[in-house]
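Enquirer: just to be clear, the model below is a prediction. Sequence and coordinates:
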Amino acid sequence: MQQIQLSICRLTSWNRTDLRSKFIPLCSILIPFLFVHSEEVPIGIAVNRAVKFAQIDILEQAAADEAKGFQESAALISNPSFFYERENLRGSNRADDSRETTTGISAPLDFIWKRSTRIDSAQLKGEVTAYQIEDQRRHTVREVSLVFAQYAANRLEHERHEAAHVALDRAREFAKAAVDSGDVSPSLFQRVNLAVSRHAFHENRITSQQLDILSRFSQLTGVEGSIPSISDMDWMVHSFSERDNVREIALLNRPDLKAAKAMHEWKRSERKLSQKEGLPELSLEAAHMEDNRGRDGLFLGLAVEIPLFDRNQGAVSRAHAEAVRAEVAYHQAVRLIKGQAVFAYDRWQQVSKAWQDINELGAASDNAATLLNITAVRFEAGETSLLEYLDTVEAYLEISEEEIELQKSLRIAAIDLAYVTATSTTHP
């Protein structure tokens, strides 16, 4: 369980005239939302909730049922036709009257050369839908991961400003006492108030961002009152031996590329099917014939359509155009994904190196925090001026913000690399 605190509402030692009228109304709105105990949700559970809330599993099952229906329809054999004919002929002499009855059945045979192509086309159509839904899952995972990275940075920034808040409170108390005793000019007190005001606006921004992040988290997971767990945020990515390896993995894994390829193959199959649909229809007929003179016999025949006018030319032309467009889209997707993979890999490598270089020198924020504590002790002992103390506080915040931003960039780079290669981030 984690309690979210709103440091902007700590107005005990602030200038009430300047700040109270501005920030207390805001605090009264935000306190009910932030001063609550919330459920911390690990990223794995959050992803599962988001997938469930987006009903991706239901869509996948519906797509599978639809694909099965397409294939079953394509595999069906056309129904035969039953026919009955009765013919009466009357002559001038009643003895010459004749009656002939024919009962038979007609069965289309074109399924013999069309059925397999229809089945292939239906199967490929189902694959397109399945890959598109799989790509929705990939997008959902990325969105949830980004929320975790943003929330972790926001929380860390909040903690660093809490430390600065304490330091500024000390500075303001000292400055107020010094002004009251006449040791320093009022302008120095105003300088401290300016730093406090600036800090308050930064805290307001952090809180506003936190509300946006938590709102987005709730929208993705469909659960209110929960927050991302940041206990394990040292994400890594699958190892890639080189840039070409990244391209190969992306081309192998990306569901949107698989969908584009299946679309290309489906449109080619549709073009082939449209050509076969233009072939003459053929039906086999079998009948039994009898007349009033006691004669009977069997009839076998073939009915062949003569393609004089309708040869399915329009459908063939449309299918060819769609196949060309699908082929172009597929090759464009290949080029785009290769570029995305290389860019994401280079960016991740660059940010990783920058993060490693900084940590080899020691955490910048830790060094700044140590300097801040030392300066605070010296300041209270009268060995450091108020302005130097304020400068140290500002430097601490600036270094902290730069480090937090770089760390967030590293996590986002890892998320994007996993996204463009359709792999996953892992935890050490």
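Expert: Alright, I've got the coordinates. Computed from a prediction, not measured in an experiment: that's the story for all the values here.
Enquirer: when you work out contacts or count neighbours from here on, use the C-alpha atoms and nothing else.
Expert: Noted.
Enquirer: what does stretch 126-139 contact?
Expert: By C-alpha atoms under 8 Å, 6 or more residues apart in numbering, the surrounding residues in contact with stretch 126-139 are 51, 56, 59-60, 63-64, 66-68, 70, 254-256, 258-260, 262-263, 419, 422.
Enquirer: also stretch 216-234?
Expert: With contact meaning C-alpha under 8 Å, 6+ apart, stretch 216-234 is reached by 38-43, 46-47, 49-51, 53-54, 143-144, 147-149, 151-152, 214, 427-428.
Enquirer: keep only those of those that are in strands.
Expert: Judged by DSSP state E, the contacts of stretch 216-234 include 38-41 as members of strands.
Enquirer: give the rounded mean pLDDT of the host helix or strand of Arg216.
Expert: Element membership for Arg216 (DSSP states H and E) is helix 186-221. Per-region confidence: helix 186-221 scores 87 on mean pLDDT.
Enquirer: gap between it and the chain center?
Expert: The chain centroid and the centroid of helix 186-221 are separated by 30 Å under C-alpha atoms, centre = their mean, to the nearest Å.
Enquirer: kindly report the same for stretch 160-170.
Expert: Here stretch 160-170 is found 39 Å from its chain centre; the criterion is C-alpha atoms, centre = their mean.
Enquirer: in it, what's buried?
Expert: The neighbour-count criterion (16 or more other C-alpha atoms under 10 Å) identifies 160-165, 167-169 as the buried residues of stretch 160-170.
Enquirer: so which of these are in helices?
Expert: 160-165, 167-169 (DSSP state H).
Enquirer: and which of those residues is nearest Val342?
Expert: Here the nearest of those to Val342, counting by C-alpha to C-alpha, is Arg160; it sits at 35.1 Å.
Enquirer: hmm, that closest one is touching Ser400, no?
Expert: Yes: Arg160 is within contact range of Ser400, at 7.0 Å (criterion: C-alpha atoms under 8 Å).
Enquirer: hang on, the earlier thing: among the contacts of stretch 216-234, name the ones in helices.
Expert: Judged by DSSP H, the contacts of stretch 216-234 include 43, 46-47, 49-51, 53, 143-144, 147-149, 151-152, 214 as members of helices.
Enquirer: filter the residues you listed to the buried ones?
Expert: Applying the neighbour count, that is 16+ other C-alpha under 10 Å, the buried entries in these are 43, 46-47, 49-51, 143-144, 147-149, 151-152, 214.
Enquirer: quick check: closest non-adjacent residue to Glu87.
Expert: Nearest in space to Glu87, with sequence neighbours left out and distances taken as C-alpha to C-alpha, 6 or more residues apart in numbering, is Glu100 at 5.0 Å.
Enquirer: check the secondary structure at the one you found for me.
Expert: In the three-state summary, Glu100 is assigned as strand, counting by DSSP: H, G, I helix; E, B strand; the rest coil.
Enquirer: coming back round to it: can you select the buried ones from the ones in strands among the contacts of stretch 216-234 in ChimeraX?
Expert: Command for ChimeraX that selects the buried part of these, burial taken from 16+ other C-alpha under 10 Å:
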select :38,40,41
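Enquirer: now the ones in strands among the contacts of stretch 216-234 as TSV including distance to Ala329 and pLDDT?
Expert: As requested, the ones in strands among the contacts of stretch 216-234 are exported to TSV (distance: C-alpha to C-alpha, whole Å; pLDDT from 0 to 100):
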residue	distance to Ala329	pLDDT
Ser38	46	72
Glu39	44	85
Glu40	43	90
Val41	39	91
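Enquirer: nearest to Val196, of the ones in strands among the contacts of stretch 216-234?
Expert: Ser38 (29.7 Å).
Enquirer: follow-up on the earlier one: report the two of the buried residues of stretch 160-170 separated the most.
Expert: Looking at those by C-alpha to C-alpha, the two members farthest from one another are Arg160 and Asp169, with 14.4 Å of separation.
Enquirer: below-threshold pLDDT in the stretch 1-150 of the chain: ranges please.
Expert: Scanning the stretch 1-150 of the chain with the threshold set as pLDDT under 70 gives 1-37, 91-97.
Enquirer: distance of the residue positioned nearest the centre of the chain relative to Tyr396?
Expert: Centroid-nearest residue in the chain, with C-alpha atoms, centre = their mean: His139, separated by 1.2 Å. Counting by C-alpha to C-alpha, to the nearest Å, the gap from His139 to Tyr396 is 37 Å.
Enquirer: likewise for Val41?
Expert: From Val41 across to Tyr396, the span is 31 Å (C-alpha to C-alpha).
Enquirer: likewise for Ala152?
Expert: Look at Ala152 and Tyr396: by C-alpha to C-alpha, they are 19 Å apart.
Enquirer: likewise Arg347?
Expert: Counting by C-alpha to C-alpha, the separation of Arg347 from Tyr396 is 27 Å.
Enquirer: which of these two has more neighbours?
Expert: Taking neighbours as other C-alpha atoms under 10 Å, Arg347 and Tyr396 compare with Tyr396 leading, 24 against 18.
Enquirer: who's in contact with the closest residue to the more buried one other than its chain neighbours?
Expert: Counting by C-alpha to C-alpha, 6+ apart, Ala368 is the residue found nearest to Tyr396 once chain neighbours are left out, at 5.2 Å. When contacts are counted by C-alpha under 8 Å, 6+ apart, Ala368 is found next to 395-396, 399-400.
Enquirer: Ala368 in helix, strand or coil?
Expert: Using three-state DSSP, the structure places Ala368 in helix.
Enquirer: need the pLDDT of it.
Expert: Predicted confidence (pLDDT) for Ala368: 75.
Enquirer: what's the answer for the one 3 residues further on, then?
Expert: In this model, Leu371 is scored at 79, pLDDT.
Enquirer: which non-adjacent residue is nearest it?
Expert: In space, not counting the residues next to it along the chain, Leu371 is nearest to Thr392; the distance is 7.6 Å by C-alpha to C-alpha, 6+ apart.
Enquirer: quick one: that neighbour from Leu386, how far?
Expert: 10 Å.
Enquirer: could you do Arg137 as well?
Expert: Arg137 sits 55 Å away from Leu386, going by C-alpha to C-alpha.
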